[in-house]
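Chemist: turn this into a structure:
(chains A, B and C)
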Amino acid sequence: MDKGGVRLEHPIIKTVDVVHSFGRNLTLKNLTLNAPSGISGFIGRNGSGKTTTIGVLLGLIKPQSGKATFFGRDCWKDSIAIRKRVGVMHEINAYPVNFKGGELLEFVAKIYDIPNSAQSIRQVLGEVGLEDARDKPIKTYSAGMLRRLGLAQALIGEPEFVILDEPTANVDPLGRVTLLDNIKKIHDSKGTSFLISTHILSDLEKICNWIIIIDEGRIVEQGYVKDLAEKYSANVYKIQVSNPWLFAGAVQELAMVQNTTVNNQTVLCKVNDTKAFYQVVPKLVADLKLELIGLQQISGTLEEIYKHAIGVKSDDT
Amino acid sequence: MTHKSILALMRWELKEYFSFPVFEIVLFIAVFSILNTSSILPVYAERYSNLHWGIQNIFFYLTISICAVFSRSFAGAFSKNEIKTLLSYPIKRSSLFFAKYLTMFLTLLIIYASVWASQLYIQALSPLEPMFWVSLLAIIPEILLLSTITVAIALVVKNEVVSIFASVLLLYGLANLESGGISLLIATGRYKALFGYFSILTHGRLPIGMMYVHPPEDVVIAFLAPLLISIILLAMSIAYFKRMQID
Amino acid sequence: MNKLTRIGIILIVIGIAILPAMLLKLNVPSNSFAVGGSAGVAPDSWTIYPDYLWSPQELKMNVNANSTIDLYILDGAGVQAWQTKNELKPLHSFLNITYQITTITIPYRGHYGILIHNNPASATAFTVSMVLFGLITDLLWSAIGFITAGLILIVAGYVRGRKKYS
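Modeler: Residues are numbered from 1 along each chain as shown, chains lettered A, B, ... in the order given. Take a look at the predicted model:
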């Protein structure tokens, strides 16, 4: 499979049947996931196992069974080699509050043994828009600035892969947009791959090309956003006709139609059999002597994909 | 892991765990406890004897300082996600452990040794007085022992407050097992065994206020037992830390 | 907090820690001692008590003798001069006393001795009770020194910070 230049035969992250528990609480249940290069979204409710999975990938948690690899290397045994190529921003940052922003980045540069660290620090601060805060103590940073500093320390030294755990948590709406824009820009300009763990779906909608959905420690769905959108939304049609109310009444009588709504002169139909429905509509319109203006299958939003994948109908995200 | 990285980690530790006012509090306790407990026996020729007077009070305050400082650095680092943050960088767990341990140990040692050096002036001793160096050397294994016990507890409980209480209660409990002051089970007893033995070696007599001469094997035990127990505890703590689940 | 300010605070902390330690050590029992006794000393003889470690405080002496004596306070050099060359170099002298309560100031921390000369041609019994009391001046001055140096550094740090800011 080769889609959009991404080769999934060689996923960067691959876990197979990973099991892990904290005490009696089974947190990862035969977790099998893949993540290609590009920007991957890792979605799940709070407590679904996202952070534990990241722990396994970084070699912080040893799985009880199963295999987890990153760049083809064992996550537990080769964790140092993996972490040399990966930048990480955790949900909760624990940077020394007495450090200045620049000092933290100098520390990270030393750990990664980055040559010409001063230039790298300048560059990365510019990328996240923190040039002016370099000499300010971290304790004076706002929540948004802390997240941007977290991103900066994850990006220093241009790692091949960056893991961001809840990058937009506690960030105001404008800060969120800026942060996500930065991630997209960095990916586009440098080709850095990202795994973004979040439970805020709207954050991922615009920037991800791969989605992994986790629920109760299991991967319930994963794939390219485009494929999943088709898979989960193929049964919703948008029909525009000259008399939508008349059409809606008639179409509801068809056995293949689950439900029908009319909104702004447009009829939305959820159907069981898409092929049959596609053939029936023109006939029905003709029988009703109406004019067919448009017939279109709706692409699913990330929210719809997620809801379908975890099997909920209400907005539980 | 380069030498530069270890130094960078140690700097992180210093900045995080000896920032204002922690360093100042530890220093205050050290100055107060050492100056306050150094009794001046007014016998000039025997003034080195003052180096063992009130040593139990110094160990009392030292225990509090060590339990607090090491519990913060190890257990506290878990509570606030610091261990997870640091181990997400390409840092070996053993390097992080040693950087943490060394920073805390050396800082406390430097503070206490520097303040202890004031005894040279207080007791009008020559820097070449062998009993001054014996007294200093006798404190080092005790710092090592107290710190390794605290670290082991901190790694198990992973909670700063619980770790401080648990280690303080355990260490004071141990100290109260034998209140006579000569048992090798307690820090004061070990210190006095060393002090008395070397006093006879260097001055030909026991210091003022000491009645009991420990046999040489006791002296060896007093020095080596804390060192060996510390090394074993350190090895076990590192092995445990390397296999820990950092959640 | 800049480095100068931090060092200043550390110095102040040291100074403040010395003060209670010094105050708590005032008039502790080990600072009280006595020499002499009822046995008496031979006529026209010299008796030295050469082995005292005193801190710079006030020394209150209560002398009681059944006949006149001379009492000399010697410092370390004075003790050595007396013991090696029989030279008398006293720090303080109290001559022909039988009963006296007096207070002298010990100038510095170190080695001191008491030398007693029995004047009359008869044996004399005497006791000299002594107590060190009052502020331990070397510790007091070192505490003041630390605190002053700390304050100066804090002010310097503040001035430097303002200059940098402006």
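
Chemist: contacts only, for the residue in chain C that chain A sits nearest to.
Modeler: Residue of chain C nearest chain A, by Cβ to the nearest Cβ: C:M1 (8.3 Å). For the C-beta atoms, the positions are set from N, CA and C on the backbone; glycine is no exception. For C:M1, the contact set (Cβ atoms under 8 Å, 6 or more residues apart in numbering or on different chains) comprises B:20, C:9.

Chemist: for it, which three-state class applies?
Modeler: Three-state assignment for C:M1 (DSSP: H, G, I helix; E, B strand; the rest coil): coil.

Chemist: now do B:R205
Modeler: coil.

Chemist: equivalent analysis for the one 4 residues further on, please.
Modeler: When states are read from three-state DSSP, the local structure at B:G209 comes out as coil.

Chemist: wait, it sits on B:W53?
Modeler: Yes: between B:G209 and B:W53 there is a contact at 6.2 Å, judged by Cβ atoms under 8 Å.

Chemist: between those two, tell me which one has more neighbours.
Modeler: For B:G209 and B:W53, the more surrounded residue by other Cβ atoms under 10 Å in any protein chain shown is B:W53, and the numbers stand at 18 against 13.

Chemist: these two touch, right, the more buried one and B:T37?
Modeler: Yes: the pair formed by B:W53 and B:T37 meets the contact definition of Cβ under 8 Å, at 7.3 Å.

Chemist: that older thread, which residues do B:G209 and B:W53 both contact?
Modeler: Common contact partners of B:G209 and B:W53 (Cβ under 8 Å, 6+ apart): B:L41.

Chemist: up against chain B, what does chain C have?
Modeler: Contacts of chain C with chain B, taken as Cβ under 8 Å from any Cβ of the partner chain, map to C:1, C:6, C:9-10, C:13-14, C:16-18, C:20-22, C:24-25, C:28, C:30-31, C:33, C:51-55, C:76, C:109-112, C:132, C:139.

Chemist: PyMOL command to pick out the buried ones of those residues?
Modeler: Typed into PyMOL, the next command selects the buried ones out of the residues of chain C next to chain B (criterion: 16 or more other Cβ atoms under 10 Å in any protein chain shown):
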select buried, chain C and resi 6+9+10+13+14+16+17+18+21+22+25+31+33+51+52+53+54+55+76+109+110+111+112+132+139
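
Chemist: now, which of the residues of chain C next to chain B lie within strands?
Modeler: Residues of the residues of chain C next to chain B located in strands (DSSP state E): C:33, C:51-54, C:110-112, C:132.

Chemist: and those residues, which two are the farthest apart?
Modeler: Pairwise distances across these (Cβ to Cβ) peak at 16.4 Å, for the pair C:F33 and C:G110.

Chemist: now the residue of chain C closest to chain A: how far from A:I13?
Modeler: C:M1 is 43 Å from A:I13, where distance means Cβ to Cβ, to the nearest Å.

Chemist: what of B:N81?
Modeler: 22 Å.

Chemist: which one of the two has more residues nearby?
Modeler: Counting neighbours by other Cβ under 10 Å for B:N81 and for A:I13 shows that A:I13 has the greater number, 24 against 15.

Chemist: pretty sure that one contacts A:T32?
Modeler: No: counting by Cβ under 8 Å, A:I13 stays clear of A:T32, with 11.3 Å between them.

Chemist: once you drop chain neighbours, what's closest to A:C208?
Modeler: The spatially closest residue to A:C208, leaving aside those adjacent along the chain, is A:G41, at 3.9 Å (Cβ to Cβ, 6 or more residues apart in numbering or on different chains).

Chemist: which ones are touching the one you found?
Modeler: Applying Cβ under 8 Å, 6+ apart, one finds that A:G41 lies in contact with A:196, A:198, A:204, A:208, A:210-212, A:225, A:302.

Chemist: doesn't it belong to a strand?
Modeler: Yes: according to three-state DSSP, A:G41 belongs to a strand.

Chemist: surely A:G294 meets A:Q240?
Modeler: Yes: taking Cβ under 8 Å as the definition, A:G294 is a contact partner of A:Q240 at 3.9 Å.

Chemist: looking at those two, which has the bigger crowd around it?
Modeler: A:Q240 (16 against 10).
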